[in-house]
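Asker: give me the fold of what follows.
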Amino acid sequence: MRTAFDFSPLYRSTVGFDRLFDMLDQSTQLESMANWPPYNIEKMGEDQYLITMAVAGFSPEEIELTQKEGQLLVTGQKKGSDDGRQYLHRGIATRAFKQIFNLADHVKVTGASLENGLLTVELKREVPEALKPRRIEISSGNGMKSVGHDNQPARIEHGKAA
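Answerer: Numbers count the residues shown, from 1 in each chain. Alright, predicted model coming up:
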């Protein structure tokens, strides 16, 4: 994770670059927003994965999971308002979020749950049988016989070929 840079020393020693520094500052802010909410991606087995997202304060009705065209989209939008509440300190973020995970071919969401402020999404790679590698048996030639091609010398009995 990158940290924000302080461009103020550059403002003091340059003229006319303020727009460039503002764009750089905005890009670092957008990058930090893309990392919210924090999440883990774990490999649980050969073809099983687990995404865990910290979404404290959100209910299952306020979170939507959508899988489409090789992507998993996780969005969260708080419903209702905090009217009438007066916060002395507000450290639990309740802002809307949108997180996109790119999925490999044949990876499907098999389950999702929300417990203790953690959203857990289970994924599994399910390759169709037709696309799985298959072993092809090679015959040794012993099982295949054709007339006159068995590599055995012909026996002749009483003047006739056997």
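Asker: buried residues in the helix or strand containing residue 119, which are they?
Answerer: Counting by DSSP states H and E, the element that carries residue 119 is strand 118-125. Residues of strand 118-125 classed as buried: 119, 121, 123 (neighbour count, 16 or more other C-beta atoms under 10 Å). In short, each C-beta sits where N, CA and C put it, glycine included.
Asker: per-domain residue ranges of this structure.
Answerer: According to automatic domain parsing, the chain is divided into the following domains: 1-35, 37-80+90-127.
Asker: which of these has the lowest average pLDDT?
Answerer: In terms of average pLDDT, domain 1-35 trails the rest of these, at a mean of 62.
Asker: excluding chain neighbours, what is closest to residue 39?
Answerer: Across the structure, with C-beta to C-beta, 6 or more residues apart in numbering as the measure, the residue nearest residue 39 apart from its sequence neighbours is residue 53 (4.3 Å).
Asker: wait, what's in contact with the one you found?
Answerer: 37, 38, 39, 74, 99, 118, 119, 121 (C-beta atoms under 8 Å, 6 or more residues apart in numbering).
Asker: need the contact list for residue 76.
Answerer: Taking C-beta under 8 Å, 6+ apart as the criterion, residue 76 is in contact with 37, 55, 58, 62, 63, 64, 96, 97, 98.
Asker: thank you kindly, that will do.
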